[in-house]
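> Provided below for reference: sequence and predicted model.
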There are 2 protein chains.
Amino acid sequence: MFRSIPRVYANIKISFNSSNNLLSKNLIIKNNSFRSISYLSRNNNGVLSRIRTNIIEKRELLINNICKRNLTESPDFEMTIPQSNPIAVSTTLTKVFIDWPDGQTSKFHNIWLRDHCKCDECFHKVTKQRLVDTFKIPEDLESESALPESNGIKIKWSDGHTSFFRWTWLRRHSYDPQFVDFQPFLQKKILWDARIKEYPPTVKYEDVMKSEEGLSNWLLNIDQFGFCFVDGVPPKVEETEELAKRICFIRETHYGRFWDFTSNLEHGDTAYTSLALKAHTDNTYFTDPSGLQMFHLIEFNGTGGSSLLVDGFWAARRLKMTFPEAHKILSTIRIPAHSAGDPNTLIEPTPNAYPILNYNPLTNEIYQIRYNNDDRSTLSHLSSNEVEAFYDALRKWNNILIDKENEYWVKLEPGRALIFNNWRVLHGRAGFTGHRRIIGAYLNWDDYRSKLKISNLTREEIDEMI
Amino acid sequence: MFRSIPRVYANIKISFNSSNNLLSKNLIIKNNSFRSISYLSRNNNGVLSRIRTNIIEKRELLINNICKRNLTESPDFEMTIPQSNPIAVSTTLTKVFIDWPDGQTSKFHNIWLRDHCKCDECFHKVTKQRLVDTFKIPEDLESESALPESNGIKIKWSDGHTSFFRWTWLRRHSYDPQFVDFQPFLQKKILWDARIKEYPPTVKYEDVMKSEEGLSNWLLNIDQFGFCFVDGVPPKVEETEELAKRICFIRETHYGRFWDFTSNLEHGDTAYTSLALKAHTDNTYFTDPSGLQMFHLIEFNGTGGSSLLVDGFWAARRLKMTFPEAHKILSTIRIPAHSAGDPNTLIEPTPNAYPILNYNPLTNEIYQIRYNNDDRSTLSHLSSNEVEAFYDALRKWNNILIDKENEYWVKLEPGRALIFNNWRVLHGRAGFTGHRRIIGAYLNWDDYRSKLKISNLTREEIDEMI
């Protein structure tokens, strides 16, 4: 869908902070694309190591090497985005043509340009909403003149209006042809397996709460790894709640708002028992499953209860590499789910079933895992062949999830909050005995993504994107 | 996808209540399917009329006749669901066959049956979650015996387990072949146009707040018409909030929780101005737009400001009937959207673009309209041909929305709350002058649907469904 252009567009922000786990990135460039990235990373004991990762697909990296040597902490790479001023502009009755220095030509329809005019009359400066009435644009609109200026192009239209479009905006939003999907806020994802236990992404409570940079680093870690620990959190309800709210408001669900749960079966869900829970994502029964989930174990007096994390994006990638047909089944066949444990609740998603592996139809990138085998409803819409293919694919998926190479087991403890992307990372736990009190919250995906972008982009970059 | 069966399965609950707008339903049956339905309905002045509707598609009706004559209030029809006990059972190595009295034969895989076992050992009675470990079921599982009983079938498996399945459950969830999509909680939708102004669905505050039947009727009206007025609401914040909470908790968004807004541009959104707003749905920028929206105008000292409602499902149907190609474009081409008016917000949906008209891929029924032309982001992923087709289709869609035959204009007033389905009904307003104070709330789609089902189904019916 997206064509590459013969330039290097760096998607990766250099972040360097000695108190941050993610210290620097070293981008090795070959044939105009990234092949690998290495990080300096500090583990929980303060030991500095270099982690090397390989790029396995557009925006997906895999940790493939960890070396502990004498390491420096300075970043060894920096990139800038190249200027893309055009070399020629021409028009026809219905279109405007822009020739770029790399030999490409963008073709824009008059109606498209007029509809996207960003002047104060056509676009509200504060609300960022369209003011132009799309339906009052004449169907036979023509450009009377199209004059290139240093930053962009001024076009006078036959309806009397004059528009101005920046070169950078036109380059980014060119649809004929489309260029690379240039999204500066989307970092490459680092896919991981059990080896992550040596260097789990971790930030400090104080940094997150007291500085914008600390917040930004925390959010980038969550975006990249799908989870992050926060050390030094006071093991109390109020302080933990403040930490969650640093990202956005806490999402209310039929379980309430901020959680405080022990194994009392307060709600009709196995989460409220002491049973072992296999790797799953939460809320497969919601149209919009919660985006982030925070856990803070503040009291534990017993045995067992270790927590399990599995990188669902890596599991999906492995399934695709080893059993492409099973991967196709789980990314297309839809599975119904429900939450009906509380007497006053019967929650089901709309549409009533979603695939386990969800890919963005515009970019073909995976964006959401929905998997909880216990919450699966009756399968009554599959064909006979699909039933067989589904159970076979599900077994293969399960085998990857329970592979020791992929399971990251970790003991939660007071003072250390865990936050993870519930659209990517599957979680579970071992059964336990004794008293175990966990507090935490769900956060909305949309509001988390909003904060991630806001804390890592300038207003100018935002305006350029929308 | 779904095959019809030669029986009448009545989806429509008879509801008869002299204080309720929806008094009775008269089902006329022909060729084993419903052709039309007529209602006794009382308008705001208490005048009783009969409204006749035609079925235009599975679960969609259109109001096509209103007659005011001497009318009785008694329901003139009642239906029951036929019993479906089978006439024969047989097994093979891998499947169980059930012959139904209508000549159909359901074929169930052993693995499917074992995985769906609902005994206390395999399915948690309280949480309604699967307890059987799908992955421990032997791949070569066989049935050792399959014995029909009066209510269902008892199957002894080669892994030593015994399951029991009810006939009604097996009939409902048969996948080979699939029967009618029998969902008793989903009423036929009544599509409407401007004529609805004579008989807008209306309930009384007291009924809704004080009785379960009142609540149930309110929810059924919202489900069927996509909106409902509530009369007799005290024009105060607390009482209006209580009304909203009668359905479910109020959804928090970046605008806050319960609204109280005047034209002060408190948030960066044209809703907070006195400008006219064309028919639109809210939250096209959310992955999960709010399901219901409640408005209660409690103060107005000025001119203008009438409210507009348009039935999006009827508009989609008209587009499909008159311009099928344009309908196809708007139900497949994805449109990006954003909310970026507040300085700390950049909300975009995931995936980053959705069609304006959204159909359930399993049932082909429309379930969601996403349309706010002002919140549309830059179109940068369409092909050149799609750009032309899109603008053409959008004009046709707009022409239907602004057709006076479809626009329902109504003056909101203190004491009369409006609630509508934001996934179906488009709303707008005329520009106004003076002081206008509206209070209200967003409610989640999933939680509203849960309440609709819970308040209209028995626990037994719920267990049968999931």
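Received it, and whenever you're ready, just let me know what you need.
> would you confirm that A:Phe249 contacts B:Glu252?
Yes - the pair A:Phe249 / B:Glu252 is scored as a contact, 5.3 Å apart, by CB atoms under 8 Å. Every residue, glycine included, has its C-beta placed from N, CA and C.
> overlap of the contact sets of those two?
Common contacts of A:Phe249 and B:Glu252, defined by CB atoms under 8 Å, 6 or more residues apart in numbering or on different chains, are absent altogether.
> spell out which residues of the stretch 151-300 of chain A are next to chain B.
Residues of the stretch 151-300 of chain A lying near chain B by CB under 8 Å from any CB of the partner chain: A:172-176, A:178, A:249, A:251-252, A:254, A:265, A:268-270, A:285-288.
> quick one: which of those sit in helices?
Counting by DSSP state H, these place A:172-173 in helices.
> which of the residues of the stretch 151-300 of chain A next to chain B are buried?
With burial judged by 16 or more other CB atoms under 10 Å in any protein chain shown, the buried subset of these is A:172-176, A:178, A:249, A:251-252, A:254, A:268-270, A:285-288.
> excluding its backbone neighbours, what's nearest the residue of the stretch 251-400 of chain A found nearest chain B?
Closest contact between the stretch 251-400 of chain A and chain B, by CB to the nearest CB, is at A:Asp288 (3.3 Å). Counting by CB to CB, 6 or more residues apart in numbering or on different chains, B:Asp288 is the residue found nearest to A:Asp288 once chain neighbours are left out, at 3.3 Å.
> the one you found and B:Trp445 touch, don't they?
Yes - B:Asp288 lies in contact with B:Trp445 (CB under 8 Å); the separation is 6.8 Å.
> shared neighbours, these two?
Counting by CB under 8 Å, 6+ apart, the contacts common to B:Asp288 and B:Trp445 are A:Thr287.
> next one: the longest helix seen in chain A to chain centre, how far?
In chain A, with assignment by DSSP H, the single longest helix is helix A:384-401. Mean-position distance between helix A:384-401 and its chain equals 26 Å (CA atoms, centre = their mean, to the nearest Å).
> what about A:Gln104, distance to B:Asn373?
A:Gln104 is 30 Å from B:Asn373, where distance means CB to CB, to the nearest Å.
> those two - which one has more neighbours?
Neighbours were counted for A:Gln104 and for B:Asn373 using other CB atoms under 10 Å in any protein chain shown; B:Asn373 has more, 23 against 17.
> need the pLDDT of A:Lys13.
pLDDT for A:Lys13: 35.
> A:Ser84 now?
We have a pLDDT of 58 for A:Ser84.
> residues contacting the nearest residue to A:Ser216 once chain neighbours are set aside?
In this structure, A:Ser216 finds its nearest non-sequential neighbour in A:Ser455, 4.4 Å apart by CB to CB, 6+ apart. Contact analysis of A:Ser455 by CB under 8 Å, 6+ apart lists A:212, A:215-216, A:219.
> which of those residues tops the neighbour count?
Greatest neighbour count in those, by other CB under 10 Å, goes to A:Leu219: 25 neighbours.
> just give me how far whichever strand or helix holds that one sits from the chain centre.
Element membership for A:Leu219 (DSSP states H and E) is helix A:212-225. Helix A:212-225 has its C-alpha centroid displaced from the chain centroid by 12 Å (CA atoms, centre = their mean).
> other SSEs contacting that helix?
Under the contact definition 3 or more CB pairs under 8 Å, 6 or more residues apart in numbering or on different chains; DSSP states H and E, helix A:212-225 sits against strand A:22-30, strand A:189-191, strand A:202-204, helix A:205-210, strand A:227-231, strand A:416-421, helix A:445-454.
> show me what counts as buried in it.
A:214-225.
> likewise for stretch A:293-300?
Quick answer for stretch A:293-300 (16+ other CB under 10 Å): A:293-298, A:300.
> now the helices and strands packed on helix A:212-225 as JSON lines including distance to A:Trp167, mean neighbour count and mean pLDDT?
Shown next, in JSON lines, are those (distance: least, CB to CB, whole Å; neighbours: other CB atoms under 10 Å in any protein chain shown; pLDDT from 0 to 100):
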{"stretch": "strand A:22-30", "distance to A:Trp167": "24", "mean neighbour count": "17", "mean pLDDT": "42"}
{"stretch": "strand A:189-191", "distance to A:Trp167": "30", "mean neighbour count": "25", "mean pLDDT": "89"}
{"stretch": "strand A:202-204", "distance to A:Trp167": "38", "mean neighbour count": "21", "mean pLDDT": "94"}
{"stretch": "helix A:205-210", "distance to A:Trp167": "38", "mean neighbour count": "18", "mean pLDDT": "97"}
{"stretch": "strand A:227-231", "distance to A:Trp167": "38", "mean neighbour count": "22", "mean pLDDT": "97"}
{"stretch": "strand A:416-421", "distance to A:Trp167": "35", "mean neighbour count": "24", "mean pLDDT": "98"}
{"stretch": "helix A:445-454", "distance to A:Trp167": "23", "mean neighbour count": "22", "mean pLDDT": "96"}
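> which of the ones you listed sits closest to B:Pro414?
B:Pro414 lies closest, by CB to CB, to one member of the helices and strands packed on helix A:212-225: helix A:445-454, at 33.1 Å.
> put the alpha carbons of the following helix or strand past that closest one into CSV.
Heading C-terminal from helix A:445-454, the first helix or strand you meet, by DSSP H and E, is helix A:459-465. C-alpha atoms of helix A:459-465 as CSV (Å, rounded to 0.1, in the frame of the first residue of the first chain):
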residue,chain,number,x,y,z
ARG,A,459,1.9,21.5,18.2
GLU,A,460,3.3,22.1,14.8
GLU,A,461,3.9,18.4,14.2
ILE,A,462,0.4,17.7,15.3
ASP,A,463,-1.1,20.2,12.9
GLU,A,464,1.0,18.8,10.1
MET,A,465,-0.4,15.3,10.8
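> mind listing what's buried in helix A:459-465?
Neighbour counts over helix A:459-465 (16+ other CB under 10 Å) mark A:462-465 as buried.
> near chain B, list only the ones from these.
Answer for those near chain B (CB under 8 Å from any CB): A:462, A:465.
> the buried residues of helix A:459-465 into TSV, with extra columns for pLDDT and distance to B:Trp409?
Shown next, in TSV, are these (pLDDT from 0 to 100; distance: CB to CB, whole Å):
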residue	pLDDT	distance to B:Trp409
A:Ile462	87	37
A:Asp463	88	36
A:Glu464	86	40
A:Met465	86	37
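> now, which of the buried residues of helix A:459-465 sits nearest B:Pro343?
Closest to B:Pro343, out of all of those and judged by CB to CB, is A:Ile462, at 9.8 Å.
> hmm, that closest one is touching B:Gly341, no?
No - the criterion here is CB under 8 Å, and A:Ile462 misses it with B:Gly341 at 11.3 Å.
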